[in-house]
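Participant: After the sequence you'll find the predicted model.
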Amino acid sequence: MEGVLTWVPAAWAAAGLAELPGVDVQVVALGRDMGETGATAGETGACAGATGAAASSTPATVGDVEFYVPSFFPSLAGTAVLAQMKRLRVVQTLTAGVDWLRPHLPPGVTLCNARGAHDASTAEWVVAAMLGALRGFPAFSAAQAAGERAYQGTGQLADKTVLIVGYGSIGAAVERRLAGFEVTVRRVARGARPGVAGVADLPALLPEADVVVLLVPYTPETAGLADAGFLGRMKDGALLVNAARGAVVDTAALVAEVSRGRLRAALDVTDPEPLPPGHPLWSLPGVFLTPHVAASTPVSRRRAAGLVREQVLAYTRGEPLRNVIDGTY
Ligand SMILES: NC(=O)c1ccc[n+]([C@@H]2O[C@H](COP(=O)([O-])OP(=O)(O)OC[C@H]3O[C@@H](n4cnc5c(N)ncnc54)[C@H](OP(=O)(O)O)[C@@H]3O)[C@@H](O)[C@H]2O)c1
């Protein structure tokens, strides 16, 4: 290998890489890719010039990898291989969250996330989940499957207060999408700044919110953030929307609140994930579940691939990389 050896986990993530001067690309799938459904053949399309490898074996070139893009879904093989990458300089994730990778990062290796690539998909999921839950779509869908016409008035989004906890890249994208829905948006981030409250303000803001959207990264500070106290402060009948990470919520406390009929929830992520058969969240009325699909769309793949290309190019030119994780997340 003469150029910067770059491993990507799927052909779509290699889009445009093989044409870059001084870059050698290998497609090495060591974990599960983003879902195939919803993508057309063209959108998942192969990358000319990239070479592929089976997931079952680690290619002999592992010691030459300088730039590594792990698979979208965490895998043991995908993180264990880091120890064999003796020339590794950069790990670029396809995900915005890096909680799953940080503990395995070798010292001195730069970690970059995919902040921004999943804003549109994830913000769309948040708005869809909010609207679907408030307009009773899960119940209507169940009635349809049973062949029943179940007339029932529903709630609505207009005139509601939406509290975005974790007002970052995706949080701001959610607010932009809510602009036409006649809602009041409140924002929370780590520290207060103009227009954005700090976490310390949560106790005062939670009782006022009809919808609470979780979009924080998973860190030691956010683990169990939505605990019994947090959920207990939420308004009767309020909706919790979690598109962050499952363990940001205390699942037992949420199950208790929903079982009492006090709160409802729309969850793309759960703790544990996946939920085991028979877990109460599967069947509790008032819970709407999707299997961590908020970012699993063609537009996310395209934008993540574009980011990978930009980052590899910047690396080969000695230019600064974007989305470098140098703080706590
Ligand atoms: N479900 C999915 O498929 C999916 C898809 C994409 C992302 N995600 C999750 O969404 C998360 C957010 O992504 P993003 O790109 O929007 O990240 P981001 O731009 O880094 O924004 C994160 C926000 O969370 C805030 N925050 C951090 N720690 C906090 C704390 N302890 N208490 C309150 N707020 C805190 C940050 O505050 P400051 O602004 O003060 O730093 C920032 O506003 C990701 O980390 C990932 O876990 C899930």
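Facilitator: Looks like it came in fine.
Participant: make it CA atoms for all contacts and neighbour counts henceforth
Facilitator: Will do.
Participant: ok now do the residue in the stretch 201-329 of the chain that the ligand sits nearest to, which residues does it touch?
Facilitator: Using CA to the nearest ligand atom, the closest approach of the stretch 201-329 of the chain to the ligand is made by residue 217 at 3.2 Å. By CA atoms under 8 Å, 6 or more residues apart in numbering, the residues touching residue 217 are 97, 99, 166, 244, 245, 329.
Participant: ok, and the most crowded of those residues?
Facilitator: In terms of neighbours by other CA atoms under 10 Å, these top out with residue 244 at 26 neighbours.
Participant: Among the contacts of residue 217, name the ones that also lie close to the ligand.
Facilitator: Near the ligand, taking CA under 6 Å from any ligand atom as the test, the members of those found are 97, 166, 244, 245.
Participant: Can you show me the helices along this protein?
Facilitator: Under the criterion DSSP state H, the chain contains helices at 41-44, 76-80, 119-134, 137-145, 169-177, 202-205, 228-233, 251-259, 280-283, 298-317.
Participant: Pick the most buried one from the ones you listed.
Facilitator: Neighbour counts (mean count of other CA atoms under 10 Å) averaged over each of the helices of the chain peak at helix 119-134, with a mean of 21.
Participant: That one and the ligand, are they touching?
Facilitator: Yes - using CA under 6 Å from any ligand atom, we find that helix 119-134 touches the ligand at residue 122.
Participant: could you dump that helix to CSV, C-alpha only?
Facilitator: Output of helix 119-134 as CSV, limited to C-alpha atoms (Å, rounded to 0.1, in the frame of the first residue of the first chain):
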residue,chain,number,x,y,z
ASP,A,119,-29.6,15.9,11.6
ALA,A,120,-32.3,15.7,8.9
SER,A,121,-33.2,12.1,9.4
THR,A,122,-33.2,12.1,13.1
ALA,A,123,-35.1,15.4,13.4
GLU,A,124,-37.6,14.1,10.9
TRP,A,125,-38.1,11.0,13.1
VAL,A,126,-38.5,13.1,16.2
VAL,A,127,-41.3,15.2,14.5
ALA,A,128,-42.9,12.1,13.0
ALA,A,129,-42.9,10.3,16.4
MET,A,130,-44.3,13.3,18.1
LEU,A,131,-47.1,13.8,15.6
GLY,A,132,-47.9,10.1,15.3
ALA,A,133,-48.1,9.7,19.1
LEU,A,134,-50.2,12.8,19.7
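Participant: what residue ranges in the stretch 51-200 of the chain are flagged as low confidence?
Facilitator: 51-56 (pLDDT under 70).
Participant: could you pull out the strands for it?
Facilitator: Here the stretch 51-200 of the chain has its strands, by DSSP state E, counting those that start in this stretch, at 51-53, 65-68, 90-92, 110-112, 161-165, 184-189, 197-198.
Participant: Nearest approach to residue 269 belongs to which of these?
Facilitator: strand 161-165 (15.4 Å; CA to CA).
Participant: The closest one pairs with which strands, and in what direction?
Facilitator: Pairing partners of strand 161-165, with direction, according to DSSP bridges: strand 184-189 (parallel), strand 211-214 (parallel).
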